[in-house]
Structure formats: C-alpha cells, structure tokens
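# Dropping a prediction and its sequence here:
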Amino acid sequence: MRESFERIEDGNSIKIEVEPNAYAYSNRYSWLFSVFIKQSVFDDIEFMELRESLIIALEHDEKAKYVGMRFVDGWIELYFYASTSKELDKVTSKILSSSAYIFESNVVKDSKWDFYKYNLYPTELELCHMESKKIIAMLEEEGDSLSIPRIVEHYISFETPTQKDRFIKNMNLEGFNFKDELSSDEFENGVALECEHAVSESEVNKVVETLFTEVKKENGFYEGWSTTLISKI
C-alpha cells in the first residue's frame, strides 16, 4: 500500500509517495528508471490516470517495479527499479508521447537501491509523523475537536533495561510526566509518558519531535501515542 508524506529539502517542501514494501524486490531489480513529467498540479485526475497507465505498462510481465514518486518544483518524478535497462524508454514513450506533457527519462545502475533508501523511503521521524497523521485522521472521522488540549500518552522503548532506567532517571522534559513502565512482546523495555496538549497535526508533530530527540540520546525508539476522544460540542 502506497504511503505519502512531505519532506523539507533545502528549505522547500517536497511531496513524496513511496511503496514501503518495495525493498523486498531489491534482489530482483538493479536498474533505477526515472521518468520526469512537467506537471504543476500534484493530484490532477487526468494526470493520475495517465500515471497509473504508465505504471501498469512498465510493471507488465514484471519488467519493472514502481517504488515511488516525488513532486518537486512543478515536476512529477516517477521511480522504478527494473531487471534490465532495455525497452523502458520505448514503453514510456508509447504511453506519454500521445499526451501533451513534457517528459524525459533516465536509467542508471543502482543495485544497492541507494536512491530508494535515501530519497524515497521515510526516515524514522517521518514514519512517526505518518503514523500520527493516521491517528489524527481517525479522530477527525469520529468528530474530535483536535484543538482542545487533553492528556496524551506517548510510548517509547529501549533495547536494554539499562538504557530505559537511565532515561527515566535523567528525564527532564518540560510538560512530560512519567506514567508507567511497559513490559510486553511489543514493548519489552518500554515507558509510557503523559503530556497535555492539543492533537492538531502541527502540535502533535512539535511534541513528537521534542520527545524523539530526547529518546535518541539514549538510543531509544519512539513508538507512538494514544489519547481519549473529545467530541465537538
């Protein structure tokens, strides 16, 4: 299932779509095939239909695997990994030449999938924000008033009990309170913290980034958050 998120690069916001499980195909495809299409609107219906036609054509007979897309400065960048560098341009031209779009393509060897790992796949913090966005969307669907502050539980874990104990002992996070230690298959060396704040995307991201930075000082992992529903009046 494709996932979308935004990344800041050189002060600019870039929209990225990624196939999170695509790396499972890395042993089969070693050529990175890029298609750049001039397009000023990210979610234009006509363009998206054309894009899907291109993806289907290139993936036919397992010639290639679509791995993601970037929207940068009025260009849509589509990325595929392929087993061979042959025929890719031909298939692409057949699909796009009849359209009014300006496009170009390129193929390079990338057997280690470096481009996918560093330019498409989300960082650990970006993954945290993506999960937060899903929770916020569910709260919105239930009619939650996101701007109202409430107690939010944040979960973190560590590889060793020593790291966990050191974090608890040295924790100095304004607004956060220690609630409980967690010990389960999911959080073997886990900790639950409480913090009161709104659950709008901007506020949650700010809180998560603060906690993420502190947790990383002890080589820990931010595991997500939960809260209670506050319905709109």
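Noted; the coordinates are in hand.
# can you list the domain ranges for this structure.
3-120, 124-227 (automatic domain parsing).
# Report how many residues lie close to L58.
22 (other Cβ atoms under 10 Å). Any C-beta I mention is one placed from the backbone N, CA and C, and that applies to glycine too.
# related to what we said a few turns ago, take the domains of the chain and write them to CSV, including mean pLDDT.
Formatted as CSV, the domains of the chain follow (pLDDT from 0 to 100):
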stretch, mean pLDDT
domain 3-120, 94
domain 124-227, 93
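# quick one, strands of this protein?
Taking DSSP state E to define them, one finds strands in the chain at 3-9, 12-18, 31-38, 64-72, 75-82, 103-109, 150-157, 176-182, 190-197, 221-227.
# quick one, the fifth one and strand 12-18 angle?
So the one you mean is strand 75-82. With axes from the mean of the first three to the mean of the last three Cα atoms, to 10 degrees defining the directions, strand 75-82 sits at 30 degrees from strand 12-18.
# Can you list the buried residues in strand 75-82?
Within strand 75-82, the residues that qualify as buried are 76-82, counting by 16 or more other Cβ atoms under 10 Å.
# quick one: R2 and V18 touch, right?
Yes: counting by Cβ atoms under 8 Å, R2 touches V18, with 6.9 Å between them.
# okay, these two: which has more neighbours?
Under the criterion of other Cβ under 10 Å, the comparison of R2 against V18 puts V18 first, with 22 against 13.
# leaving aside the residues next to it on the chain, what's closest to that one?
Ranked by Cβ to Cβ, 6 or more residues apart in numbering and with sequence neighbours excluded, the top spatial neighbour of V18 is G68, at 4.1 Å.
# who touches the residue lying closest to G175 once chain neighbours are set aside in this structure?
Among residues not flanking G175 along the chain, C195 sits closest, at 5.2 Å (Cβ to Cβ, 6+ apart). Shown in contact with C195 (Cβ atoms under 8 Å, 6 or more residues apart in numbering): 151-152, 154, 175-177, 207.
# again, but for I135
Counting by Cβ under 8 Å, 6+ apart, the residues that I135 touches are 199, 224-226.
# Please determine how far the closest residue to W75 other than its chain neighbours is located from E194.
Of all residues not flanking W75 in the chain, F36 sits nearest, at 5.4 Å (Cβ to Cβ, 6+ apart). F36 is 47 Å from E194, where distance means Cβ to Cβ, to the nearest Å.
# Since that was my last question, I'll sign off now.
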